[in-house]
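# Okay, sequence plus prediction incoming.
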Amino acid sequence: MQNPKSLCTIFSRHLSSAAKLKIPTKYRPRAIKEAQQAVTEYLHYTKSIPFTYAEHISKHSLNTLSKLIADLGVSYSAPSFSSTFQRFLRYHPINEFEFFFESIGIDHAEVSCFLPANKFFLSEDSCLLNAACALSSFGFPWDKLGKLYKEEVSIFSQSSQDLTAKLSRLKNYYGFSNVILVGICLGFPHVLAGNGDEWGTEIATLFDDLKTVFVDFGLMSSVEGNVEVWYDICRKIRVFYDFRFEKGKLGELMGRNKSIFLDYPEEVLVQKVEYFCRFGVGNEDVGLLLLKSPEILSFDLETQVISVKGLLNHLGLSAKELKSVSEMYPYVLGRNKMANLPYVIRAVDLQDWFFNKITNGYYKLLGNYALSNPDEDLDREFGDSLEKLLSSSRTPRHTMNKLTFLHGIGYGENTLTLKVLAKAHGTGSELQERFDCLLRNGVAFSKLCMMIRLTPKILNQNPETIEQKLDFLCQDLGSSLDYLYAFPTFLCFDLEYRIKPRYKFHMWLVENGLCTKNYSIASMVATSEKSFISRIYGIHPAAPKQWLECFFCKRPSKSC
């Protein structure tokens, strides 16, 4: 039974306007209770919905009910409120789907997305209600059915007989109790989707894995018979499958490390999976690492401050290799956060080395790493320069957001990072979007970080422009991204007013036999206008006239 105080709190929180409410605070819990009872009776006696399910709908739709009471706009009078509300329902039919969808656990703000067009009454879609009632009878919590509906709406288009038969078949074949089976279905709604006669290998292998973990390795004996607990366990197991683990091959490994599903919250598991996936290795490798080394789940891989050189040395990088990293990637040096380590490692192109290390037993080094002393790898010049920059900036928060982006892609606390910071324009989220665009189009992570170090302005344009230039480079010019690594400035030139006209003019010269020399892209694009005209004059005295009249594109003036 709901606590009157909690009813009052929820009721007040979700009213669209306090001015609409004419019910004093002390009467609100009673008003809600009476309104709920009226809705239950309306659904049961008027709409012939079984009392238990009518009560579920009224008791789990407080937001919709609150809105209805507020819209009614009546003051509370103990003898008359209930009869007034009942009379209102009698002559003003409610949208039963709105009550139903909120009651099964769909957020009230999302309910409108699921309301059927031109339908108000549940009797207009009897299959929906019958499916919900069948699932509830089997043991599904009414207010959790929304999880099934949002993921696999087809479940609710099946007859109650088919759903009951499907659940009984799974229960009898695998020997799971109702409670466990409900937890499994909530965690993996696709199990109940489709025709039972069409169940494929995927569902069979999933249940084989679950049977191995729950029965063969005794997880059932370690868990209380509670739907919420089993649902929570299945959500944790699903984390691995959501990262494209192959079903049917994890059962034994999960069973041997069942403490993962008992001792750690789902958020921790997701956080660690996402963290190690950021190293750019295969999802399966990440899953195997966590299942074989569950201690990693207790490591602080977010807030700890690291020295990049210190951590690489701690993990076993030789002095010679450290020197090479320092010379090739000086912008990653200094301090950073452990949360940014995946991208620091990718920025120096050591992800394969790193992952081989930690999968071969060195993962414990991540857990016992600490700065050797308070001043280790502390760049005081960076700190002083950053302080001056922030004090002189009119938008220090904007500056720090950009710096956070740079740290996030592997740049450390050093003066080179500040030089890039000064030339990269845009918000932190905009810079991230442009960076991701380049990655998405095939630019290697470590190469991209180096390109930004050499030419920070490549990030000063929107993703659409970047994609157009990359497409022109690879398709029209017939070049590859390798050329971009050597000439990142290509991305800084205007496509319509610089790159295309000069390329087209060069091709015209070649096609007309006026130029036999094959100029590089950089030579075509990066040459100043004066030098360009001088060069083509040397090719043919009439070439500049042809360029200016037929190919040269002058950017429209702002006054135009």
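Yes, it's here. Values in this document were obtained by computation on a predicted structure and should not be read as measured data.
# For the strand or helix carrying L167, which residues meet the burial criterion?
Using DSSP states H and E, L167 sits in helix 160-174. By 16 or more other Cβ atoms under 10 Å, the buried positions in helix 160-174 come out as 160, 163-164, 166-167, 170, 174. Yep, even glycine has a C-beta here, placed from its N, CA and C like the rest.
# number of nearby residues for the closest residue to S479 other than its chain neighbours?
Nearest residue to S479, sequence neighbours excluded (Cβ to Cβ, 6 or more residues apart in numbering): L473, at 5.3 Å. For L473, the tally of surrounding residues (other Cβ atoms under 10 Å) stands at 21.
# quick one on the thing from earlier: avg pLDDT for the helix holding L167?
Mean per-residue pLDDT for helix 160-174: 91.
# Pull the residues that contact that helix.
130-131, 133-135, 137-138, 155, 176-178, 181, 185, 191-192, 196, 207, 210-211 (Cβ atoms under 8 Å, 6 or more residues apart in numbering).
# what helix or strand is the most centrally placed residue in the chain on?
Geometric centre of the chain, nearest residue: E274, 9.7 Å, by Cα atoms, centre = their mean. Assigned by DSSP H and E, E274 falls within helix 266-277.
# Regarding I306, what is its secondary structure?
Classification of I306 using DSSP: H, G, I helix; E, B strand; the rest coil returns strand.
# How is this structure partitioned into domains?
Following automatic domain parsing, one gets these domains for the chain: 4-120, 200-277, 298-367, 493-560.
# Now do the third one: distance to the chain's middle.
When C-alpha coordinates are averaged (Cα atoms, centre = their mean, to the nearest Å), domain 298-367 and its chain have centres 25 Å apart.
# and what of the last one?
Domain 493-560 has its average C-alpha position 45 Å from the chain's average C-alpha position, going by Cα atoms, centre = their mean.
# tell me the mean pLDDT for that domain?
On average, domain 493-560 scores 86.
# Give me the spatial nearest neighbour of L448, chain neighbours excluded.
Using Cβ to Cβ, 6+ apart and skipping residues adjacent in sequence, the residue nearest L448 is L438, 5.5 Å away.
# And the pLDDT for the one you found?
pLDDT for L438: 97.
# what does F188 give?
Looking at F188, its pLDDT stands at 94.
# average model confidence for stretch 117-130?
89.
# would you put the C-alpha positions of that stretch in CSV?
Output of stretch 117-130 as CSV, limited to C-alpha atoms (Å, rounded to 0.1, in the frame of the first residue of the first chain):
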residue,chain,number,x,y,z
ALA,A,117,-4.3,7.0,-32.8
ASN,A,118,-8.1,7.3,-32.6
LYS,A,119,-8.4,4.9,-29.7
PHE,A,120,-9.5,5.6,-26.1
PHE,A,121,-10.7,2.4,-24.6
LEU,A,122,-8.7,-0.8,-23.8
SER,A,123,-11.5,-2.8,-25.2
GLU,A,124,-10.5,-1.5,-28.7
ASP,A,125,-7.2,-3.5,-28.3
SER,A,126,-8.2,-6.5,-26.2
CYS,A,127,-5.0,-8.4,-27.2
LEU,A,128,-2.9,-5.7,-25.4
LEU,A,129,-4.7,-6.0,-22.1
ASN,A,130,-5.1,-9.8,-22.3
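# which residues are in contact with that stretch?
47, 49, 53, 93-97, 100, 116, 156-160.
# Ramachandran coordinates for R335?
With angles defined as degrees, to the nearest 10, R335 sits at phi -100, psi 160.
# wait, isn't it in contact with D379?
Yes - under the criterion of Cβ atoms under 8 Å, R335 makes contact with D379 at 7.4 Å.
# neighbour count winner among those two?
Set side by side, R335 and D379 show more neighbours around R335, with 21 against 18, by other Cβ under 10 Å.
# Which residue, neighbours along the chain excluded, lies closest to the more buried one?
Nearest non-adjacent residue to R335, counting by Cβ to Cβ, 6+ apart: E413, 4.6 Å away.
# Same check on R498?
Spatial nearest neighbour of R498, excluding adjacent residues (Cβ to Cβ, 6+ apart): V525 at 6.3 Å.
# residues touching that neighbour, list them.
Listed by Cβ under 8 Å, 6+ apart, the contact set of V525 reads 490, 493, 498-499, 502-503.
# Now name the helix or strand holding it.
V525 belongs to helix 521-526 when assigned by DSSP H and E.
# Do you know the pLDDT at S112?
As predicted, S112 sits at a pLDDT of 89.
# And stretch 320-334, end to end?
End-to-end span of stretch 320-334 (Cα to Cα, to the nearest Å): 18 Å.
# Give me the contact list for it.
Taking Cβ under 8 Å, 6+ apart as the rule, stretch 320-334 contacts 307-309, 312-313, 317, 344, 347-348, 350, 377-379, 382, 410-414, 416-417, 420, 446, 449-450, 453.
# what do you get for stretch 236-243?
So stretch 236-243 is contacted by 187-188, 206, 209-210, 213, 247, 250, 254, 260-261, 264, 266, 269-270, 273, 277, 283, 286-287, 291 (Cβ under 8 Å, 6+ apart).
# Which of these are buried, as a ChimeraX select command?
In ChimeraX syntax, the buried subset of the contacts of stretch 236-243 is picked out as below (16+ other Cβ under 10 Å):
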select :187,188,206,209,210,213,247,250,254,260,261,264,269,273,277,286,287,291
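# From the contacts of stretch 236-243, which land in strands?
With strands defined by DSSP state E, no entry of the contacts of stretch 236-243 lies inside them.
# Could you pick out which of the contacts of stretch 236-243 are located in helices?
Within these, residues falling in helices by DSSP state H are 187, 206, 209-210, 254, 260-261, 266, 269-270, 273, 277, 283, 286-287, 291.
# The closest residue to G175 other than its chain neighbours - how many residues pack around it?
Spatial nearest neighbour of G175, chain neighbours left out: V215 (7.3 Å); criterion: Cβ to Cβ, 6+ apart. Neighbours of V215 under the rule other Cβ under 10 Å: 16.
# before we move on, what SS does V215 have?
Per three-state DSSP, V215 ends up helix.
# Does it touch F207 like I think?
No - contact between V215 and F207 fails when scored by Cβ under 8 Å: they sit 10.9 Å apart.
# in terms of contact, does S479 touch M524 like I think?
No - here S479 does not reach M524: they are 11.5 Å apart, not a contact under Cβ under 8 Å.
# Low-confidence ranges, this protein, go.
1-24, 73-79, 194-200, 555-560 (pLDDT under 70).
# quick one, strands of it?
Along the chain, counting by DSSP E, strands occupy 305-307, 335-337.
# Quick check: the gap between S177 and S222.
Distance of S177 to S222, given as Cβ to Cβ, to the nearest Å: 15 Å.
# actually E152, sorry about that
In terms of Cβ to Cβ, E152 sits 29 Å off from S222.
# Between these two, which has more neighbouring residues?
Applying other Cβ under 10 Å to E152 and S222 shows that E152 carries more neighbours, namely 17 against 13.
# just checking, the more buried one touches L192?
Yes - if you go by Cβ under 8 Å, E152 and L192 touch, sitting 6.6 Å apart.
# quick one: contacts for the residue nearest to L448?
Contact analysis of L438 by Cβ under 8 Å, 6+ apart lists 448, 458, 466, 470.
# And for T212?
By Cβ under 8 Å, 6+ apart, the neighbours of T212 are 251-252, 254-255.
# now for those residues, which pair is the farthest apart?
E252 and M254 (7.4 Å; Cβ to Cβ).
# okay, the domains of the chain in a markdown table with distance to E430 next?
Shown next, in a markdown table, are those (distance: least, Cβ to Cβ, whole Å):
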| stretch | distance to E430 |
| --- | --- |
| domain 4-120 | 28 |
| domain 200-277 | 23 |
| domain 298-367 | 18 |
| domain 493-560 | 19 |
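# Which one of those lies nearest to H425?
domain 493-560 (16.3 Å).
# What segments of the stretch 401-550 of the chain are helices?
415-423, 428-440, 445-454, 463-471, 481-486, 500-511, 521-526, 529-539, 543-546 (DSSP state H, counting those that start in this stretch).
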